[in-house]
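K.L.:
Just to be clear, the model below is a prediction. Sequence and coordinates:
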Amino acid sequence: MEPALEIARIAKHEGKKVALKGWVHNKRSSGKIRFVLLRDGTGIIQCVFLKEQVPEQAFELADSITQESSVEISGTVREDKRSPGGYELSGSDLKLISLAEPYPITPKEHGVDFLMKHRHLWLRSQRQFAILRIRSELIKAFHDFLDDSGFILCDTPILTPAACEGTTTLFNVDYYGEPVFLTQSGQLYNEPLCAALRKTYCLGPTFRAEKSKTRRHLTEFWMLEPEVAFLDLEGCMDLAENLVAYAVGRVLERRSPELGILERDLSKLEAVKKPFPRITYTKAVELLKSKGRNLKPGDDFGAEDETILGQSFDRPVLVHRYPAPVKAFYMKRDRSDPNLALAVDMIAPEGYGEIVGGGQREDDLKELEKRIKEHDLPRQAFEWYLDVRRYGSFPHSGFGLGIERTVAWICGVHHIRETIPFPRMLEKIYP
Ligand code: 4AD
Ligand code: MG
C-alpha cells in the first residue's frame, strides 16, 4: 500500500489531486454541499463535496458517515486563507474504510472523569494532539542539547534493590523471591556511569507510590537525569538553566501552531531567558514570609509555597542550599554550614511547581556511610554505590527534570494528567 499523503505536507500539493486517509473529525451540511473535517494525525483539513461533482454514493456517505469513521478522500488541494491549516480539499470522492460506532466523545463539553475513562480516545482531540507534539519536541530538544554538549545517553535499570528517594514512596516487586523496587530515579546508577563517561544522562520512567492526589503528582513519570563528574553546585545550576532555556526556545521556534491550539500566552514563554534568578533557601523563606506564608526555619516547601515562589518571578527560579534534613541522603553538605545541603530545585513560573531537583553529591566515603545509617537505609544494598567513593572519589553533581511537569508548564496545562499519554495516578490504572 502506498503511504497516503499527510495533511501536514499538503502545502506542497496545492492545485494537485491527492488522496488522504484519516478519520472523520466532524461534518456538517448546507443545501447541496457537504463538509467533512478530516483528521489524519498530522493535521485537520476541511473537505468540501458538491452534489453535482461527486458520485452519488460518496455524497450519500458524507451524510450518513459517523464521527471517527476511517475514510479515504480524494480531491484537489486549494489554498484557503480562512481555514486553520491554510488549505481546503475540493472533494471528488469519499470511500469508507470502517464505519465507527457512535463515538462517546462528541464535540460538546465532557467532564474530566468521563474523558479520563476514555483517555485512549480522548488522545484524538486537538488539545491532546498539541500537548503530545510539544512533549515530543521537548524531549527531542533535551536529547539534542545534551548530545551537543558531549553527554552520553546511558539507560539505567527499572528494577532496583536500592531506594534513591526515601522509603515511603516505593513500589515493591517480587524478584524471584527477593524484594526489589521500581526505580524512583536513575541517579544512583548515573553516578558510577559518570566516572566511566564523565558526562552522562538517562531518560526513563520512574515510579513513586505517591499517596496523595494532586495536580502535580503521577505515580509513573519520566525523568531526564544528567550527571557530571568534576561539577559543583554552581555548575549544576548553570547546566539546568542552559538546558531549560534552550528547550523552551526550541518549543517556541518549532511548535508555535501547537502552542496556538492550546491558547498559550507566548509572552510568558518568551520571558524565559537566561539568567534565571538564584536564591538561597533562606532567602526563599524570607520571601514567602513577606507574602504571608507561615514557615518555620527548616521546613520544606509545600505545594502552595512552590506556587507562590514560582509566581514571584517571570522565569524559573533556582532555589539552593536547603536544610539537609528535608533532602535525600546523598546530598553533599555545605562547607560553610553543615546543616545545609548543596541541593538545588528549579521552580517553574506561573504556579507549576518544582520541575528540577538535584545538586552536588556527597563524595566522602565516611560521610556517606554515616548518612546511609542516619536515613536507616540497608547498607548492604548500597555497597556497590559506595565503591564510587572508594575508587577515585570526585566531586560530582546532577539533577532530575520531571518531563510531565515541564510539559504542563510549557503548555500551560493545569493538571499533569494531560501531559503523558496514559497517566498513572493514585486510583488510576485504566486505560
Ligand atoms: O526532586 P526529585 O525527587 O529528585 C530525584 O529523584 C533525584 N534523584 C534526581 C537526580 O538528582 N538525578 O525528582 C526530580 C523531579 C522533580 O523536580 C519533579 O519535576 C519530578 O522529578 N517529580 C515528579 N513528577 C511527577 N510526579 C511525581 N510524583 C514526581 N516526583 C518528582
Ligand atoms: Mg525534589
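P.N.:
Great, that's in hand. From a predicted model like this one, the values you see are computed outputs, not experimental measurements. Numbering: from 1, shown residues only. Ligands and ions are numbered 1, 2, ... in the order given.
K.L.:
Hmm, Leu368 and Arg379 touching each other?
P.N.:
No. The pair Arg379 / Leu368 is not scored as a contact, 10.7 Å apart, by C-beta atoms under 8 Å. C-beta here means a position set from N, CA and C on the backbone, and glycine is covered the same way.
K.L.:
more neighbours, those two?
P.N.:
Using other C-beta atoms under 10 Å as the criterion, Arg379 and Leu368 rank with Leu368 on top: 21 against 10.
K.L.:
which residues does Asp299 contact?
P.N.:
Residues near Asp299 by C-beta atoms under 8 Å, 6 or more residues apart in numbering: Val285, Val326.
K.L.:
distance of it from Leu288?
P.N.:
10 Å (C-beta to C-beta, to the nearest Å).
K.L.:
just checking, Thr280 touches Leu318?
P.N.:
No. If you go by C-beta under 8 Å, Thr280 and Leu318 don't touch, sitting 9.9 Å apart.
K.L.:
Give me the more crowded residue out of those two.
P.N.:
Leu318 (22 against 15).
K.L.:
partners of that one in the sheet?
P.N.:
Bridge pairing for Leu318 (DSSP bridges) gives the partners Arg278, Met346.
K.L.:
Neighbours of Leu188, how many?
P.N.:
Leu188: 24 neighbours (other C-beta under 10 Å).
K.L.:
so which helix or strand takes in it?
P.N.:
Per DSSP states H and E: Leu188 is located in helix 187-197.
K.L.:
So Ile36 sits against Gly91, correct?
P.N.:
Careful, residue 36 is Val; it's not Ile. Yes. Using C-beta under 8 Å, Val36 is in contact with Gly91, at 7.3 Å.
K.L.:
Now the common contact residues for these two.
P.N.:
Shared contacts of Val36 and Gly91 (C-beta under 8 Å, 6+ apart): Cys47, Phe49, Ala62, Ile73.
K.L.:
And what about Val180, helix, strand or coil?
P.N.:
strand (DSSP: H, G, I helix; E, B strand; the rest coil).
K.L.:
shouldn't it be in contact with Pro161?
P.N.:
Yes. Val180 is within contact range of Pro161, at 5.1 Å (criterion: C-beta under 8 Å).
K.L.:
out of these two, which sits in the busier spot?
P.N.:
Set side by side, Val180 and Pro161 show more neighbours around Val180, with 19 against 15, by other C-beta under 10 Å.
K.L.:
That one and ligand 1: what is the separation?
P.N.:
18 Å (C-beta to the nearest ligand atom, to the nearest Å).
K.L.:
wait, what's in contact with that residue?
P.N.:
Here Val180 is in contact with Leu159, Thr160, Pro161, Asn172, Val173 (C-beta under 8 Å, 6+ apart).
K.L.:
Tell me if the last one really is in a strand.
P.N.:
Yes. Under the criterion used here (three-state DSSP), Val173 sits inside a strand.
K.L.:
what's the nearest residue to it if we skip its chain neighbours?
P.N.:
Closest residue to Val173 apart from its sequence neighbours, by C-beta to C-beta, 6 or more residues apart in numbering: Val180 at 5.3 Å.
K.L.:
per-residue confidence for that neighbour?
P.N.:
At Val180, the model reports a pLDDT of 96.
K.L.:
The protein against ligand 1: which residues are in contact?
P.N.:
For the chain, the contact set with ligand 1 under C-beta under 6 Å from any ligand atom comprises 164-165, 185, 187, 208, 210, 217-218, 221, 223, 225, 354-358, 398-400, 402, 404-405.
K.L.:
Just the ones of these in helices?
P.N.:
Gln187, Glu404, Arg405 (DSSP state H).
K.L.:
wait, doesn't the second one sit right on Thr419?
P.N.:
Put plainly, it is Glu404. Yes. Contact criterion C-beta under 8 Å: Glu404 and Thr419 qualify, at 4.2 Å.
K.L.:
Those two - which one has more neighbours?
P.N.:
Thr419 (27 against 23).
K.L.:
Let me see the backbone angles for that one.
P.N.:
Backbone geometry at Thr419, expressed as degrees, to the nearest 10, gives phi -100, psi 0.
K.L.:
now swap in Ile97 and tell me
P.N.:
phi -100, psi -50.
K.L.:
Could you shift the numbering so residue one becomes 57, and keep it that way?
P.N.:
That works, and once the first residue is 57, the last one we named lands at Ile153.
K.L.:
Return the distance of it relative to ligand 1.
P.N.:
Distance from Ile153 to ligand 1, by C-beta to the nearest ligand atom: 39 Å.
K.L.:
cool, and Val133?
P.N.:
43 Å.
K.L.:
Equivalent analysis for Ser205, please.
P.N.:
Counting by C-beta to the nearest ligand atom - Ser205 and ligand 1 are separated by 17 Å.
K.L.:
try Glu116
P.N.:
50 Å.
K.L.:
Report all helices and strands that the strand or helix carrying that residue contacts.
P.N.:
Following DSSP H and E, one finds Glu116 within helix 112-120. Under the contact criterion of 3 or more C-beta pairs under 8 Å, 6 or more residues apart in numbering; DSSP states H and E, helix 112-120 touches strand 73-86, strand 89-95, strand 100-106, strand 143-154.
K.L.:
average pLDDT for the longest one?
P.N.:
With pLDDT averaged residue by residue, strand 73-86 scores 97.
K.L.:
Name the residues of that strand that are buried.
P.N.:
Judged by neighbour count (16 or more other C-beta atoms under 10 Å), strand 73-86 contains these buried residues: Val74, Leu76, Lys77, Gly78, Trp79, Val80, His81, Lys83.
K.L.:
about what we covered before: list buried residues within the residues of the chain next to ligand 1.
P.N.:
Burial by neighbour count, judged by 16+ other C-beta under 10 Å, picks out 220-221, 241, 243, 264, 266, 273-274, 277, 279, 281, 410-414, 454-456, 458, 460-461 from the residues of the chain next to ligand 1.
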